Structure formats: structure tokens, C-alpha cells
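> need a 3D model of the sequence below.
(2 chains)
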Amino acid sequence: GAVVSQHPSWVICKSGTSVKIECRSLDFQATTMFWYRQFPKQSLMLMATSNEGSKATYEQGVEKDKFLINHASLTLSTLTVTSAHPEDSSFYICSARVRVLGTEAFFGQGTRLTVV
Amino acid sequence: AQSVTQLDSQVPVFEEAPVELRCNYSSSVSVYLFWYVQYPNQGLQLLLKYLSGSTLVESINGFEAEFNKSQTSFHLRKPSVHISDTAEYFCAVSPGSGNTGKLIFGQGTTLQVKP
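Numbers count the residues shown, from 1 in each chain, chains lettered A, B, ... in the order given. Have a look, this model is predicted:
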């Protein structure tokens, strides 16, 4: 089956530093990847849509300069949280859409970010 | 625009009892419908989906959901639950036409199966 891998699975960083999260599609090409944010006991909120080779499309209210998204290849997208603050602490999940079968998105295991 | 409402935030149930997790959606266009399951500190796993055709869809682990267009619902059911079904369940929709893969999620329902 289609596998999406996120790295790291958890990270703790100091306030003011930047953190990069990777999302890889291991056995398929993903033209589109999505980044979600999930607060405790809440649903997933779409942050941005990342298309290979083009700029990401951010949802309303998401700061594009703070959450930098790069989708340089068909198997890799990265989310960089710049100048992280404690309120950025959250569970970040990526998903990747299978290029041929466009109706399903496969999810990574998520990254738990804690900013101290 | 689409929206999803999961009517129950928590559903406690005893093992081997039946369960129904409710999901209603709103959309001005046709949609694809999904149920995902999330175990603690993990990503989401697709449980089942409705794209077209038969309105009753089933998963390999005994769950089923029925698409009801007139009631704009996609309730998830299982006739007999196990302890291992304890998890968070999310209903989601995606526009059917010109589908981009973007998913709109409901608030989630915590299924708590008690022995």
C-alpha cells in the first residue's frame, strides 16, 4: 500500500528556533501534499496545500512566513516552523495524494512539536 | 464550501455492543466521504470511503457506513465492538468534482469501549 513517512515523530525545541518536519511518500509519487495541524482533543485543521514545483497554497489565517513549505520533489515536502513559540506546540500531520488515484490521501504518522 | 459535523464528541460503549458514530455534512456540490481512525499519537488511517455507487460501504474490520444524500449523513456503524476499537474517529468530506484531495474534517468522536 501507499506509505507516507514523517520525520521526526517528535521534537522539542527552544523558543525562537526553527524546526523542519519532513514528509515523504515512500512508494508512490505525490503531486500534492497537505499539511494539517491538530491541537489536543481537536480535529485536524488544514494549514496548506503543497504542489510539487510550485508555491504552497495557505489556508486563511495561516502565516506563510512562519510556516514555510517546500515541495521540491514528487516524494518530499517539508514544513519549517520558523521562530517557534510555545503556542506553536501542536501535532503536525502531513498527507499525500496518490498521483494516479486522485481520490485518496494517505497520512503520515504525525510529528509532535513541543516548544519550550 | 463544505463542512462536517460529528454530533457526538464521546461515545462510551461496552464491549460486544453495537455502536453508531454520527456524521452530517453540508455541501453545495457532490462530495466524497471518508471515515478515518486515529490511535493515540499516531496519524490517520482510512477506515472506509464513499465515492460513488452503492451507498453502503464496508471496512475489513467490521465497520460500515451508509451515505444518505437526502439526510446529508454518513453515519458509521459496527454491530459488535472490541476493546481495540477504542480510538478517535474522524468523518471527512472532499469535493467530488475537480477533486484536489483536500479534506475537511469533523470535530472527531472518541469511541471508548469498556470491558
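
> give me the element whichever residue of chain A sits closest to chain B is part of.
Residue nearest to chain B within chain A: A:R97 (3.7 Å; CB to the nearest CB). Any C-beta I mention is one placed from the backbone N, CA and C, and that applies to glycine too. Assigned by DSSP states H and E, A:R97 belongs to strand A:90-98.

> so what are the sheet partners of the lowest-mean-pLDDT helix or strand in chain A and their directions?
The weakest-scoring helix or strand in chain A, judged by mean pLDDT, DSSP states H and E, is strand A:105-107 (a mean of 86). Next to strand A:105-107 in the sheet, as set by DSSP bridges, lie strand A:90-98 (antiparallel).

> near chain B, which residues of chain A are found?
Residues of chain A lying close to chain B by CB under 8 Å from any CB of the partner chain are A:4, A:6, A:32, A:34, A:42-46, A:49, A:91, A:93, A:95, A:97, A:102-110, A:112.

> just the buried residues out of the residues you listed, in PyMOL syntax.
Buried subset of the residues of chain A next to chain B, written as a PyMOL selection, criterion 16 or more other CB atoms under 10 Å in any protein chain shown:
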select buried, chain A and resi 4+6+32+34+43+44+45+46+49+91+93+95+97+104+105+106+107+108+109+110
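
> excluding covalently adjacent residues, which one is nearest to the residue nearest the centre of chain B?
Using CA atoms, centre = their mean, the residue of chain B that lies closest to the mean C-alpha position is B:W35, 3.3 Å off. Spatial nearest neighbour of B:W35, chain neighbours left out: B:L47 (4.3 Å); criterion: CB to CB, 6 or more residues apart in numbering or on different chains.

> please save the CA atoms from the strand holding A:R97 in CSV.
Output in CSV follows, covering the C-alpha atoms of strand A:90-98 (Å, rounded to 0.1, in the frame of the first residue of the first chain):
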residue,chain,number,x,y,z
SER,A,90,1.0,21.0,18.3
PHE,A,91,0.7,17.8,16.4
TYR,A,92,1.5,18.3,12.7
ILE,A,93,0.3,15.7,10.2
CYS,A,94,1.0,15.5,6.5
SER,A,95,-0.9,13.6,3.9
ALA,A,96,0.0,12.8,0.3
ARG,A,97,-2.3,12.3,-2.6
VAL,A,98,-1.6,9.4,-5.0
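
> surely the residue nearest to B:W35 meets B:V37?
Yes - using CB atoms under 8 Å, B:L47 makes contact with B:V37 at a distance of 5.0 Å.

> contact partners of the least confident helix or strand of chain A?
Applying CB atoms under 8 Å, 6 or more residues apart in numbering or on different chains, the contact partners of strand A:105-107 are A:1-4, A:25, A:34, A:93-98, B:36, B:43-46, B:101, B:103.

> and if we set it to 7 Å?
With contact meaning CB atoms under 7 Å, 6 or more residues apart in numbering or on different chains, strand A:105-107 is reached by A:2, A:4, A:34, A:93, A:95-97, B:43-44, B:101, B:103.

> where does the chain dip in pLDDT?
Went with chain A since none was named. Within chain A, the segments meeting pLDDT under 70 span A:1, A:99-103.

> oops, chain B please
Low-confidence segments of chain B, defined by pLDDT under 70: B:97-100.
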